[in-house]
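>>> What shape does this take:
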Amino acid sequence: MVEKKGITVPDFIMETFNHFTIELYVDPDELGGEDDTISLVSDDGSYEQTLKIKEVAKKSGNKITITFNGVVPDKIYDCEVDFKEDAEGNPQGSYYFFKEYKIIEDDLENIK
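Predicted coordinates:
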């Protein structure tokens with residue numbers, strides 16, 4: 001069993017979740033504070049996940065890879081990155097990685 005937001009979900013359901021992976025081309029060493037986040041939100045409000053970048057990012061060269069779990073295909077999504085501050089503590093702000101993008105089945109991985 002896996003607990004998500006206070007709800008216990010059987011492992012077999014978690015194993016069939018759709019995974020949506022994005023790559024951000026940023027120097028992993030240049031990421032700022034612990035509070036930098038990335039959010040994926042569906043336009044109908046049925047899906048919303050905000051992740052702390054430093055906790056979930058997989059580093060590789062000059063990019064980071066982040067995976068969102070449980071993404072439902074055939075919905076419109078916005079993905080917003082919020083870099084609170086750079087390595088020197090200077091405020092950075094947020095930007096949309098993409099906006100109003102329809103995630104289709106081909107965009108997803110069904111990792112078992």
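
>>> Just list whatever residues bridge to the residue most central in space within the chain.
Nearest residue to the geometric centre of the chain (Cα atoms, centre = their mean): F68, 4.5 Å. Here F68 sits in beta bridges with F20, as judged by DSSP bridges.

>>> show me the contacts for it.
By Cβ atoms under 8 Å, 6 or more residues apart in numbering, the contact list for F68 reads H19, F20, T21, I22, L40, Q49, L51. Using the backbone N, CA and C atoms, a C-beta is placed for each residue, glycine as well.

>>> Could you check how far it is from E88?
F68 sits 29 Å away from E88, taking Cβ to Cβ, to the nearest Å as the criterion.

>>> just Y25 next, same as before
Using Cβ to Cβ, Y25 is found at 20 Å from E88.

>>> Give me the below-cutoff pLDDT ranges for this protein.
Within the chain, the ranges that satisfy pLDDT under 70 run 1-17, 30-33, 87, 110-112.

>>> all strands of it, in order?
Ranges of strands in the chain, per DSSP state E, are 2-4, 7-9, 18-24, 37-42, 48-52, 58-60, 63-69, 75-85, 91-103, 109-110.

>>> the residue most distant from the middle of the protein, which is it?
What lies farthest from the middle of the chain is E88; by Cα atoms, centre = their mean that is 24.4 Å.

>>> Go ahead and confirm E100 touches S42.
No - taking contacts as Cβ atoms under 8 Å, E100 lies outside contact range of S42: 10.8 Å.

>>> Looking at these two, which is more packed in?
A count of neighbours by other Cβ atoms under 10 Å puts S42 above the other of E100 and S42, at 16 against 9.

>>> now, of the strands of the chain, which is deepest in the fold?
Mean neighbour count (mean count of other Cβ atoms under 10 Å) peaks for strand 37-42 among those, with a mean of 19.
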